[in-house]
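Student: Provide a 3D model corresponding to the input given below.
(chains A, B and C)
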Amino acid sequence: MDKFAEIIVDVPAMQTNQPFTYLIPEEFRQVVSVGMRVEVPFGNGNRHIQGFITNIVTEAPRVTDSLKAITNILDLKPVLNEELLLLADEMAQKTYSFKITCLQTMLPSVMRSSYKKWIVKTAEIEPDIDEQLFKGLAEIEWDEALESIPLSKLLSLRAEEKIDLRYEVLTKNKIKTKKVIKKKMTTMELREVAKSIRANAKQQQKLCAFLMEFAEDSEISLLELMQEHDLSRAAITSAEKAGWLSIEEREVYRDPYAFQSFKQDTPLDLNDEQDKALAEVIKAQDENAATTFLLEGVTGSGKTEVYLQAISHVLNKGKTAIMLVPEISLTPQTVTRFKKRFGADVAVLHSGLSEGERYDEWRKIERNEARVVVGARSAVFAPLENIGLLIVDEEHESSYKQDETPRYHARDVAIWRSQYHHCPVILGSATPSLESRARAQKNVYQLLPLTKRAVADAVLPKVEIVDMRKAIAQTKNSFSTELIQKLTERLALGEQAVLMLNRRGFSSFIMCRDCGFVLPCPNCDISLTLHMDTKTMKCHYCGHEERIPYQCPSCHSDKIRYYGTGTQKVETELQELLPDARIIRMDVDTTRKKGSHQALLRRFENHEADILLGTQMIAKGLDFPNVTLVGVLNADTALNLPDFRSSERTFQLLTQVSGRSGRGDKPGEVVIQTFNPDHYAIQLVQDQDYETFYRKEMSLRHLSGYPPYYFTVQVVASHEDEYLAAKKIYQIAEKLKTSLSEQAVVLGPTPKSIARVNKRYFYQIVIKYRQEPNLEQALNDLMVASQAEIQKGMRIVIDVEPQNFI
DNA sequence: AGCACGCCGACT
DNA sequence: GTCGGCGTGCTC
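Tutor: Coordinates of the predicted model:
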């Protein structure tokens, strides 16, 4: 006999990060199950909060009399299945976050409860106070009450037991419904009824006639019936009373793609390489092997077609698939491609959806009405059953790592789910992360190379690197003569160009305009960051600090200054240089409104403009055959960030953006403007030579001891009082140095580059290690030992394999 | 997190 | 003397 439920409650704190046991009242015993959300009383004041049932047991582990009972059930059926509950546990452990946070992360935001506190009258109160407080109502909201009456008065009323508190747990997951009607009498019976309808009851006659024709067991929406057959609501209601028909509620989905029809398309022919890659994936699927594939294909090599056909294969076997795409490339183009191939089987989850739409898509998946899920990071938690394939496209994208707790990496979650379902997972990229590529080297992942562009005869674009150290002498603006000349040529031919202005690392470093020199840290092989608050150059790894140079240490030029330019300024310059060019500017300013991103792209696609000028957001996934020139105005900015991944990011970004050129039958060109023309990350973009880049970068990582040779964990302590934050991080560093083994290295402590955010000061350390048996224990101990301080305003964040070190 | 309990300062 | 400030500890 089920009696007790173990519940994770919605209190994100270390002390409550464990299941609490509750009684299941008699009336719920038949319906409760693991994975449902419930409302429970919690704490001294018995305030009501949301919780998740993680287990149901027949025997209470402790004294039964102190147990409280579940007040309410918030779901009719579980919202999390066994797999996802298990995954949440795993995630909480691996990312050092609370179980409740993990559970909530897996669900649409509408399912998160909000809480309201009400004051209810339980006895007679003095009339004047009653009027002042309740204003004639039976109950009033706590916050509202505080405006009309002091807190002390409320507390004394409560002590006298004249008022009581009521806690409300609200959940916004409203289901949108429509009414449908069903026939309840047979045609024979209706024929009898028809005879007795009065002659002037035209509506009744019409409805009866309709029902006689209407097939049993089929349904028609009430609205449709009224509109199409000119019937009144009253006529239908009386027909319901007479028992001719029944009115039932049916759920409707808010389908954001409802008004678009998608023409079914068919699989494209594959080249030899694509064929071979597909065959390997299919083989793994058929053998139920949880193989991780790394599909490494140059831009335009047709990775998506391989994905599509691999998905077809699992669908044919009656299984389901998840495809992850970075938010930025989840364009209508991408969605359309999937909808065309798989039709209504596809559910799409992305941030452009409203909360309600997102919830509807989620429910469609949960009810097994979608078999393919396409979405950004959080779509990896899609409640699909029987998964046969997972795909992580552009697997190197750092947006797959959530930058708030729980700091999970969608790529890792995808691999975890593939192991749970015994199915393959494909990581795809033209420029894989070094971590993934290294694993393929060690045969942990299986490498599937695509080296040729898929479109017949399409070749990789010709890349020209322009040395801006020379160009800056000739022009005062952001454009080299080479780039302007090529723009002029292309526009004259009626072709289009894409220009990228790199905004990463904007003006946080100093560079010499004459020789491109950037001040490095003497200890860390990483450039120093400018701190205007202290007027110094600082290293974020070791804490090294020096004064701001007024002369270039390398060439002694005095043209050493901040680096950075804005899109708006560039647009003005460009318009002056090419007065006839039609320019579309795409940056955070012009794409803030919902749908404007898409609108701008459509205008460009329709050739209503010649040049698309934008930030990184234009680098990914766009496929415009008429674009034959890509220009990168400043390739260096990301290169000089004080992050060991800066070369990798630069190479990836430049390769991605170069890939936008020459995707149709016309050959493409790329112009890269840089102050570091000899840097390997820029040189190797010329031939899109990922493999050489990989080897070069690996040897550097090996030398300096960074991933993938080492694992990293970042610990950040922050407080409104700078002294307390600094003191805490030094204590943590000391403690970790003693509790971790010899081979682990603790870097820092150092202040974060933006030392103060939201009135808080941030200090960090980074732990590097190859193998650290004590790590999990040490970090958990750290969190437990810091409880007292955390309650006094300290915040400690543990980030496993951080993507950003700045 | 948020609630109760408990121990000290500034008022009627 | 009490009211009410915040620090401490606990939550099935």
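Student: can you tell me how far the residue most central in space within chain A sits from A:Ala69?
Tutor: Nearest to the mean C-alpha position of chain A, by C-alpha atoms, centre = their mean, lies A:Arg377 at 3.6 Å. Distance of A:Arg377 to A:Ala69, given as C-beta to C-beta, to the nearest Å: 38 Å. Bear in mind the C-beta positions are built from the backbone N, C-alpha and C, glycine included.
Student: domain ranges for chain A, per the record?
Tutor: Listed by automatic domain parsing, the domain ranges of chain A are A:3-113, A:115-170, A:177-251, A:272-450, A:462-501+A:576-700, A:508-563, A:711-800.
Student: what average pLDDT does the first one get?
Tutor: Just to be clear, that refers to domain A:3-113. The average pLDDT for domain A:3-113 rounds to 93.
Student: for the last one, same thing?
Tutor: Per-residue pLDDT values over domain A:711-800 give a mean of 89.
Student: same thing with the third one?
Tutor: Here the mean pLDDT over domain A:177-251 is 78, rounded to a whole number.
Student: let me know the pLDDT of the closest residue to A:Ala379 other than its chain neighbours.
Tutor: Among residues not flanking A:Ala379 along the chain, A:Leu349 sits closest, at 4.3 Å (C-beta to C-beta, 6 or more residues apart in numbering). You'll see A:Leu349 listed with a pLDDT of 92.
Student: tell me the contacts of A:Glu139?
Tutor: If you count contacts by C-beta atoms under 8 Å, 6 or more residues apart in numbering, A:Glu139 has them with A:Trp118, A:Ile119, A:Val120, A:Lys121, A:Arg166.
Student: show me which of the residues you listed is closest to A:Val627.
Tutor: A:Trp118 (59.7 Å; C-beta to C-beta).
Student: and the longest helix seen in chain A, what other elements does it pack with?
Tutor: If you go by DSSP state H, chain A has its longest helix at helix A:722-739. With contacts defined as 3 or more C-beta pairs under 8 Å, 6 or more residues apart in numbering; DSSP states H and E, the packing partners of helix A:722-739 are strand A:711-719, strand A:745-757, strand A:760-769, helix A:775-785.
Student: and it, what's buried?
Tutor: Buried residues in helix A:722-739, counted by 16 or more other C-beta atoms under 10 Å: A:Glu722, A:Leu724, A:Ala725, A:Ala726, A:Lys728, A:Ile729, A:Gln731, A:Ile732, A:Ala733, A:Leu736.
Student: max pairwise distance over those residues: which two?
Tutor: A:Glu722 and A:Leu736 (21.3 Å).
Student: before we move on, back to that, TSV for the domains of chain A, including distance to A:Gln264?
Tutor: Below are the domains of chain A laid out as TSV (distance: least, C-beta to C-beta, whole Å):
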stretch	distance to A:Gln264
domain A:3-113	29
domain A:115-170	43
domain A:177-251	26
domain A:272-450	6
domain A:462-501+A:576-700	20
domain A:508-563	50
domain A:711-800	44
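Student: reformat the ones you listed as a markdown table; add distance to DNA strand C.
Tutor: Converted to a markdown table, the domains of chain A look like this (distance: least, C-beta to the nearest atom of the strand, whole Å):
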| stretch | distance to DNA strand C |
| --- | --- |
| domain A:3-113 | 4 |
| domain A:115-170 | 3 |
| domain A:177-251 | 34 |
| domain A:272-450 | 18 |
| domain A:462-501+A:576-700 | 38 |
| domain A:508-563 | 29 |
| domain A:711-800 | 7 |
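Student: right, I'll call it a day here.
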